[in-house]
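**Q** okay, predicted coordinates and the sequence, questions at the end:
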2 protein chains.
Amino acid sequence: MAEFYSRRNLEFLLTEVFDIEGVLKLDKFKKHDLNSIRLMLDAADQLAKTHLYPSYREMDTQEPEFKNGRVHVHPKIKELMKRFGEGGWIGAQADEEFGGLNIPSMVASSANFIFGAANFSASVYPQLSTGAARLIETYGSDYLKHTFIPKLYSGAWQGTMVMTEPESGSSLAGIKTSATPIDEDRELFRIKGQKIFISAGDHDGVGNIIHLVLARIEGAPAGTKGLSLFIVPQKMTNEEDQIVMNDVNTVGMFHKMGYKGAPIVHLSFGDKDKCYGYLLGEENKGLSHMFQMMNEARIGVGLSAASIASSAYYASLEYAQERVQGQLPDEKDPDSPQVPIIEHSDVKRMLLQQRAIMEGSLSLLMNCSYFSDRATADKIEVREIFRLTLDLLTPVAKTYPSEFGILSTSNAVQIFGGAGYCKDFPAEQYFRDIRIHTLHEGTSGIHGLDLLGRKIIMGGGIAFRAFTEEVSKTIKKVKLEIIELSKYGEKLNDALFRLQNVTMRLSTMAMKEKKEVFLMDATLYLELFGIVAIGWQWLLQAIPCQIAINENRGDEFYESKIYTMRYYFEYELPKAEAIVTRLNSSDTLLIEMDKKHFM
Amino acid sequence: MAEFYSRRNLEFLLTEVFDIEGVLKLDKFKKHDLNSIRLMLDAADQLAKTHLYPSYREMDTQEPEFKNGRVHVHPKIKELMKRFGEGGWIGAQADEEFGGLNIPSMVASSANFIFGAANFSASVYPQLSTGAARLIETYGSDYLKHTFIPKLYSGAWQGTMVMTEPESGSSLAGIKTSATPIDEDRELFRIKGQKIFISAGDHDGVGNIIHLVLARIEGAPAGTKGLSLFIVPQKMTNEEDQIVMNDVNTVGMFHKMGYKGAPIVHLSFGDKDKCYGYLLGEENKGLSHMFQMMNEARIGVGLSAASIASSAYYASLEYAQERVQGQLPDEKDPDSPQVPIIEHSDVKRMLLQQRAIMEGSLSLLMNCSYFSDRATADKIEVREIFRLTLDLLTPVAKTYPSEFGILSTSNAVQIFGGAGYCKDFPAEQYFRDIRIHTLHEGTSGIHGLDLLGRKIIMGGGIAFRAFTEEVSKTIKKVKLEIIELSKYGEKLNDALFRLQNVTMRLSTMAMKEKKEVFLMDATLYLELFGIVAIGWQWLLQAIPCQIAINENRGDEFYESKIYTMRYYFEYELPKAEAIVTRLNSSDTLLIEMDKKHFM
């Protein structure tokens, strides 16, 4: 079996780059220690290698089927949901009172990375259940918690996130699905409407599907401020304790380019006016409640993208080591044997680019998890700043792995040559699978607007300042303590300085100009931010490696990390310059240009 | 039906940017005039709209089938081959004596662009026949010409290009397929060997398949200098005038990510030692002969990539005009209606990027065709310099459209949002289809080596100087005559200057350093060259537009071209800076890094 991720790298991030041991000392997590965490990762590794990876490609060729109004998925899903539940993975971060393991986000993310690298489609099902159950934990009554959470965490039931409608995708303001109270308590509502793009929205791998649905209560305000959140089970228990269908109907299934192991469906709620849902949280606060799940899902999307990029990297690495072709440029003897293609510098470059993107992304995502753990469990007074920095980084941690992951998996295809385009090899599946990530959980364009239009300016720029201070701290550390890295610290400092200037320029513009002008290149701003943030992650990773080398504890792993860091600073970070050049230009052609000029 | 290309743009390139009228005055082409050319393009348009476009998506879902040792393709292919033949498209550039139309390359390329935009897979079959027949025209005896060319041009038979073997892909030096003379004339040979990745290498849409095969005659030197070229028909006529199989066996068919309408097969020649082939051209000159077909095929690949990018652009443009979602950033009224997404600046940017890449690519390809026509038909004394410049630009014209086309079609997917990932819409097919182009006819890495390691330094740099003079001429023209464009002329001048400096630095290195060091970033050098060359094409296109506007002949088309040019200089050209930064660095990490550091 090919490798699909590096355990050494995961442990390196947990213990040498980010302070898992510090996190495990916090009250909330102190039942765990590094040993118990390692045993958990062993279990995740075992599940991934034995049950997830072997069915990865089969789930691509044997797509779910929509028959007689129901979706039938690969039979392995049923078994996997049980295993995810039994292993405690669905409720991994939940408190013990809900049957959870109460492990830090850093560890849960590590496990999810392993699962995603082994079998992306299959890894999505439990993550959706986790998100749904955690929302119920936060906002549900005891009755709702008791009814739904144990079944979701055990893998018996599936959780989903139900927002998009045919006419409301990127803009949720127009959501039409309605909710009518059926009694004065306003706890149970009659739900009616059409919802599309629902991942795992119907399948036969579980006994019930618990939809978390955004809908508008009759009489509620227009726009997103009139949305409420409902728990709408596919099946309900009636008064005679019989299980009955809840008028949630699967209209169809979308056939997709990739991500084929998980169904995405079109649901119709309440065709017979017999669909019931429980209000979750406060009326008209549905979108803000849903954001808890969405923010976790966004980090999850970044993690999935990085995990697919990981499997693609290892598949192409293995091929590059085995495939012989051509000779090196300075070979004088035409009869000398051909070399493994990993010896060609262009192949090295394509491998390094993949690794730089993938491990840089994973490092940023692990940093987010670290902030999340601190924001959840550290001393009250420091929580807020961790939470704000995490909020700021969320669109970046979602988008960089997704956008650059396309490039990364494309390199994997390229290394395989013509074989990479063929279905006999895994590369093309990774290239198709990863492509969804710039689309779901908010397109890259939406995240650009979120970052520049909201996160950067929130609280007078407090989160952006916290971020730049973190980066500067890293730069200062290498400048003062690790002379070998100071050159890269300076490069990062330059890039950070440019990012700060651009941010200043844009923030000033936000006050003077129309919003449209301020936001016109928000997607590029997000790309720039990502490139700088990943540069920071590479410098962060280089520190323990260089220290180990200087202390004669260096090995090939540490050396390889330094090489990959150098690659990033030589080949990737300069891309920031090009974006800064554009962002500093005053040409507003995107605004000036009228739709008639598109032909 | 959605548009899939712009006829106005094609005519603009032919008549306003490149001098088709001048070409039509050359002796070789003087039977044609602009009117007759337009009628031909009408016919191509008609064929594309009526017969190619309607079956494009069906050919993706109904892949060829390999049954009982033979490949069965979509039934439409049989009809299309006949139509391509009857329309004269397969022999369009051939002399009348071979039944050709003898039209300029500029016109043939225009027609191929239309066909590729309508149905990429279907457009490949006739192009392969064209390449094979033209090779036979150049190197064949009268007997060979008489036997094969008319059948290929009529569409009755299929031509192919047969090079790759399981162990010889990017490096053809190791080709093992053998050829044994069967008589003293050394005209007919017994062929034996395995060949893979043969496009249209077997199918039931034609009566016979004529393979042009690279093989090694017994006793020939090792390496590429021992390769000879053979015509190996799938079926032969025996002495009793019966049609018999020629022991060319289809071993299997590759299942691919895209480009599904055309089969790529694995062939085994001479399993029963009864496979015969005619030597074409001189012994041991096979690869250099094959290069005629390969060079044309490389331009053809660039053109196919641009044509897929064209259909993707128009599909996403139509969607962007129709799909309403969200409001503009400065809208104060939450109840105001949603706007078509084409009004959002990020969607405009994604459309502009597609158009800039696609029309910039098409312009460069048309420029290549223009040089080709001059090199073929102009006064003897100027032909060489056109040929050399064309040779230099071939890897660029193949690679830029292919590499940036991935980005371009990815934008089309993105504009469709979640729907772009689904098979109900065409975007995802374009994204899959285009991905082959950086792989076949030489990977991008191979073309980087070709450009930097061969084309740049050939003849003491004569072709590179001719190229820079052409670009400088364009810059000088806008500086002196079109003040509105001079700012962009300066930007291009800067980029050209950087490219020249990098080229100088690398050429000097080629004399002092190991080849490995000189060539380590050849792929990036090719990318840089492409970005500058496309910038040149945009300035070239802007000239007639700005003149028309200044003379009050401006219309929305000309204005839209100026906007797209501005987009290119604002958003795309700055990417050259990042690559120059890298190419000017002396860090040789790609060389230093050992395979043990990849983990």
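**A** Received it, and whenever you're ready, just let me know what you need.
**Q** for the rest of this, base every contact and every neighbour count on C-alpha atoms.
**A** Noted.
**Q** just want the residue of the stretch 51-200 of chain A that's nearest chain B.
**A** Relative to chain B, the nearest point of the stretch 51-200 of chain A is residue A:171 (5.2 Å; Cα to the nearest Cα).
**Q** interface residues of the stretch 51-200 of chain A facing chain B?
**A** Selection of the stretch 51-200 of chain A residues close to chain B by Cα under 8 Å from any Cα of the partner chain yields A:167-171, A:173, A:197.
**Q** how about those residues in TSV, adding pLDDT and neighbour count?
**A** Shown next, in TSV, are those (pLDDT from 0 to 100; neighbours: other Cα atoms under 10 Å in any protein chain shown):
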residue	pLDDT	neighbour count
A:167	92	17
A:168	93	18
A:169	90	21
A:170	90	19
A:171	91	19
A:173	91	21
A:197	96	24
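**Q** list just the nearest of those to residue B:547.
**A** Distance to residue B:547, by Cα to Cα, is smallest for residue A:170 among those, at 41.4 Å.
**Q** torsion angles phi and psi at residue A:328?
**A** phi -70, psi 150 (degrees, to the nearest 10).
**Q** what's the closest non-adjacent residue to it?
**A** In this structure, residue A:328 finds its nearest non-sequential neighbour in residue A:344, 6.7 Å apart by Cα to Cα, 6 or more residues apart in numbering or on different chains.
**Q** rewinding a little: isn't the residue of the stretch 51-200 of chain A closest to chain B right up against residue B:326?
**A** Yes: counting by Cα atoms under 8 Å, residue B:326 is a contact partner of residue A:171 at 5.2 Å.
**Q** partners of the longest strand seen in chain A, with directions?
**A** The single longest strand within chain A, with elements called by DSSP state E, is strand A:188-199. Strand partners for strand A:188-199, identified by DSSP bridges, are recorded as strand A:178-181 (antiparallel), strand A:264-269 (antiparallel), strand A:276-280 (antiparallel).
**Q** starting at the chain centroid, how far to the second one?
**A** Meaning strand A:264-269. A distance of 23 Å separates the C-alpha centroid of strand A:264-269 from that of its chain, computed with Cα atoms, centre = their mean, to the nearest Å.
**Q** now do the phi/psi pair for the closest residue in space to residue A:19 that isn't next to it in sequence.
**A** Residue nearest to residue A:19 in three dimensions, not counting chain neighbours: residue A:370, with 7.7 Å by Cα to Cα, 6+ apart. The phi/psi pair for residue A:370 (degrees, to the nearest 10) reads phi -60, psi -50.
**Q** can you count the residues close to residue A:370?
**A** Applying other Cα atoms under 10 Å in any protein chain shown, we find 23 other residues in the vicinity of residue A:370.
**Q** I'd assumed residue A:108 was in contact with it.
**A** No: proximity of residue A:370 to residue A:108 does not meet the contact threshold set by Cα under 8 Å, at 11.1 Å.
**Q** next, see if the host helix or strand of residue A:487 gets close to chain B.
**A** Secondary structure from DSSP states H and E places residue A:487 in helix A:486-512. No: using Cα under 8 Å from any Cα, we find that helix A:486-512 stays clear of chain B, coming within 11.4 Å at best.
**Q** for chain B, tell me whether the next helix or strand after that helix is touching it.
**A** Counting by DSSP H and E, the element after helix A:486-512 in chain order, helix or strand, is helix A:515-518. Yes: Helix A:515-518 reaches chain B (Cα under 8 Å from any Cα) through A:515-516.
**Q** who are the packing partners of helix A:515-518?
**A** Applying 3 or more Cα pairs under 8 Å, 6 or more residues apart in numbering or on different chains; DSSP states H and E, one finds that helix A:515-518 makes contact with helix A:486-512.
**Q** how about stretch A:583-599: buried residues?
**A** A:583, A:589-590, A:593, A:597-599 (16 or more other Cα atoms under 10 Å in any protein chain shown).
**Q** re the thing from before, distance check, the residue nearest to residue A:19 against residue A:390.
**A** Going from residue A:370 to residue A:390 by Cα to Cα, to the nearest Å gives 9 Å.
**Q** what do these two both touch?
**A** Overlap of the contact sets of residue A:370 and residue A:390 (by Cα atoms under 8 Å, 6 or more residues apart in numbering or on different chains) is empty.
**Q** and the pLDDT at residue A:91?
**A** Residue A:91 is assigned a predicted lDDT (pLDDT) of 96.
**Q** count the residues that sit near it.
**A** Neighbours of residue A:91 (other Cα under 10 Å): 32.
**Q** is it located within a helix, as I assumed?
**A** No: according to DSSP: H, G, I helix; E, B strand; the rest coil, residue A:91 belongs to no helix; its state is coil.
**Q** in the helix holding residue A:487, what counts as buried?
**A** Buried, per 16+ other Cα under 10 Å, within helix A:486-512: A:486, A:488-489, A:491-493, A:495-496, A:498-500, A:502-503, A:506-507, A:510.
**Q** what is that helix packed up against?
**A** helix A:462-481, helix A:515-518, helix A:522-550, helix A:575-583.
**Q** does anything pack onto the third one? Which helices or strands?
**A** Secondary-structure packing of helix A:522-550 (3+ Cα pairs under 8 Å, 6+ apart): helix A:345-377, helix A:380-415, helix A:444-450, helix A:462-481, helix A:486-512, helix A:556-567, helix A:575-583.
**Q** could the ones you listed be laid out in JSON lines, adding mean pLDDT?
**A** Formatted as JSON lines, those follow (pLDDT from 0 to 100):
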{"stretch": "helix A:345-377", "mean pLDDT": "98"}
{"stretch": "helix A:380-415", "mean pLDDT": "97"}
{"stretch": "helix A:444-450", "mean pLDDT": "97"}
{"stretch": "helix A:462-481", "mean pLDDT": "97"}
{"stretch": "helix A:486-512", "mean pLDDT": "95"}
{"stretch": "helix A:556-567", "mean pLDDT": "98"}
{"stretch": "helix A:575-583", "mean pLDDT": "97"}
